[in-house]
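Student: Sequence first, predicted model second:
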There are 2 protein chains.
Amino acid sequence: MRTNPERRQALIDAAIEVLAREGARGLTFRAVDTQAKVPTGTASNYFSSRDDLLTQAGGRIYERLTPSDGTLASVHEGARDAARLKELMHEVVGRVSAFPTGFLALLELRLEATRRPELRAVLTQRIKADVDFNVSNHRESGLPGDDTSVKLLMLAFNWLILERLTLPDLYDEEEVHRIVEEAVDRVI
Amino acid sequence: MRTNPERRQALIDAAIEVLAREGARGLTFRAVDTQAKVPTGTASNYFSSRDDLLTQAGGRIYERLTPSDGTLASVHEGARDAARLKELMHEVVGRVSAFPTGFLALLELRLEATRRPELRAVLTQRIKADVDFNVSNHRESGLPGDDTSVKLLMLAFNWLILERLTLPDLYDEEEVHRIVEEAVDRVI
DNA sequence: AACTTAGTACTACAGACGGAGTGGTGTCAA
DNA sequence: TTGACACCACTCCGTCTGTAGTACTAAGTT
């Protein structure tokens, strides 16, 4: 078992790309090697099994989807009204959409979690933490809306992003914009 | 190319089960044969390619997810208020959740559509029709809420069902119930 | 400076698996 | 008798895993 941390990370990031592109079944050691442009057999040396690789990828995606400190700080800037909340929501939807492979890979993992209890546990914990994070973040921001607002917005926007990424012709740019605005208005 | 229609349909239904259980990559002629309990090679004789099978399955799922005439008629019964709408929404969420393989298979297909333009076109069209169907259905029902309400509820509930089916421990029964109620209240 | 050694990168190969496709045989009904 | 289909068996092919073995590099030792 090799330990070089940069290489390990590069392999996990490659695994995320493969997940998004080829699906969970397509995630093989060989495919990861190719994606990461390392010699055949390398991934084999770094991960004990496919399960291992899968769960580590599950953890890593969340690291990469987490907003930077900069965007996090900006939440506390500006007015404390619905208009500001809308701005922030547009930013979130944009940011997640901008890392499509991450979102798609996460979906693949969710589907795979149907079959793998261990992965399911990891994801459940991660996502629960993410919900709590968003709720408490919103609370202390002083922006309008309560805990339920946050949850409802998360539900709606997640599916909205899913629509955009899998069937881009379903909703156009303006429609998405409009939906985000309406959602915020109605939910708070 | 064989033509026996019952057999063909049985094979497509088997393909949906395989899709949900094994993912899009796991959808092979052999797997479908096994699922449908027909001899090896049968699916091969009925479909010209995997693509063919995939797109036909995409069409079929929607036939099966469409509500029965009975439930459709019941929309027009009872009061025209938020309470009745909530009831109906609980019914929808319940009905879709009750056919998990269909929902999961559809997700697999959406992800596969990322890679297959032809499948993407089929799904886009189907889902657009579904949205329109729900919107117009709601309009003539006289229930509270406008077109945007319907779209927002569809977005939120779709992701809610996704959560329930892929990570059942995330939201418990009561939480789901509460979210449905709150969503209706706020969105109309 | 030469030598040793540990950790890692890389290569190559063996074994196994599973899927596709197809040809052939059996069966039944028109 | 003939045609359509069900069923079965067999071969070819691609790909995956696991690992053994070699080459490299850098740090420590004398």
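Tutor: Sure, I can see it.
Student: Tell me the residues on chain A that lie near DNA strand D, please.
Tutor: Taking C-beta under 7 Å from any atom of the strand as the test, the list of chain A residues beside DNA strand D reads A:28, A:29, A:30, A:31, A:40, A:41, A:44, A:45, A:49, A:50. No exception for glycine: its C-beta is placed from N, CA and C like everyone else's.
Student: 6 Å instead?
Tutor: Counting by C-beta under 6 Å from any atom of the strand, the positions of chain A adjacent to DNA strand D are A:28, A:29, A:30, A:31, A:41, A:44, A:49, A:50.
Student: Who are the contact partners of the fifth one?
Tutor: Meaning residue A:41. Taking C-beta atoms under 8 Å, 6 or more residues apart in numbering or on different chains as the contact definition, residue A:41 lies against A:29, A:33.
Student: Surely residue A:87 touches residue A:78?
Tutor: Yes - applying C-beta atoms under 8 Å as the test, residue A:87 and residue A:78 come out as touching, 7.5 Å apart.
Student: Tell me the one of the residues of chain A next to DNA strand D nearest residue B:121?
Tutor: Sorting those by how near they are to residue B:121, with C-beta to C-beta, puts residue A:31 at the top with 27.3 Å.
Student: what's the burial count for that closest one?
Tutor: Residue A:31 has 18 neighbouring residues, counting by other C-beta atoms under 10 Å in any protein chain shown.
Student: got it, and residue A:59?
Tutor: For residue A:59, which is what you asked about, the neighbour count (other C-beta under 10 Å) is 13.
Student: Have a look at chain A and report its longest helix.
Tutor: For chain A, the helix reaching the highest residue count under DSSP state H is reported as helix A:117-141.
Student: From DNA strand C, how far out is the residue in chain A that chain B sits nearest to?
Tutor: Using C-beta to the nearest C-beta, residue A:25 is the residue of chain A that sits closest to chain B, at 3.3 Å. When C-beta to the nearest atom of the strand, to the nearest Å is the yardstick, residue A:25 and DNA strand C sit 10 Å from each other.
Student: quick one, helices of chain A?
Tutor: For chain A, the helices defined by DSSP H cover A:5-22, A:29-36, A:42-46, A:50-65, A:69-74, A:82-97, A:100-113, A:117-141, A:147-166, A:173-187.
Student: which of the residues of chain A next to DNA strand D tops the neighbour count?
Tutor: For the residues of chain A next to DNA strand D, neighbours were counted by other C-beta under 10 Å; the highest total belongs to residue A:29, with 20 neighbours.
Student: any idea how far residue A:37 is from the residue lying closest to that residue once chain neighbours are set aside?
Tutor: Nearest in space to residue A:29, with sequence neighbours left out and distances taken as C-beta to C-beta, 6 or more residues apart in numbering or on different chains, is residue A:43 at 4.2 Å. Here the criterion is C-beta to C-beta, to the nearest Å. By it, residue A:43 lies 12 Å from residue A:37.
Student: what does residue A:128 give?
Tutor: The span separating residue A:128 from residue A:37 equals 36 Å under the rule C-beta to C-beta.
Student: of these two, who's got more company?
Tutor: Neighbours per residue, other C-beta under 10 Å: of residue A:128 and residue A:37, the larger number sits with residue A:128, 14 against 9.
Student: Excluding sequence neighbours, find me the nearest residue to that one.
Tutor: Nearest residue to residue A:128, sequence neighbours excluded (C-beta to C-beta, 6+ apart): residue B:170, at 6.2 Å.
Student: ok, that neighbour - contacts?
Tutor: Residue B:170 touches A:124, A:127, A:128, B:163, B:164, counting by C-beta under 8 Å, 6+ apart.
Student: residues from chain A in reach of DNA strand C?
Tutor: A:2, A:3, A:4, A:7, A:38, A:39, A:40, A:41, A:42.
Student: Let's have the residues you listed in JSON lines, adding distance to residue A:15 and pLDDT.
Tutor: Putting those into JSON lines (distance: C-beta to C-beta, whole Å; pLDDT from 0 to 100) gives the following:
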{"residue": "A:2", "distance to residue A:15": "15", "pLDDT": "79"}
{"residue": "A:3", "distance to residue A:15": "17", "pLDDT": "77"}
{"residue": "A:4", "distance to residue A:15": "16", "pLDDT": "82"}
{"residue": "A:7", "distance to residue A:15": "13", "pLDDT": "90"}
{"residue": "A:38", "distance to residue A:15": "12", "pLDDT": "93"}
{"residue": "A:39", "distance to residue A:15": "16", "pLDDT": "92"}
{"residue": "A:40", "distance to residue A:15": "15", "pLDDT": "92"}
{"residue": "A:41", "distance to residue A:15": "15", "pLDDT": "92"}
{"residue": "A:42", "distance to residue A:15": "12", "pLDDT": "93"}
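Student: I appreciate the help and will end here.
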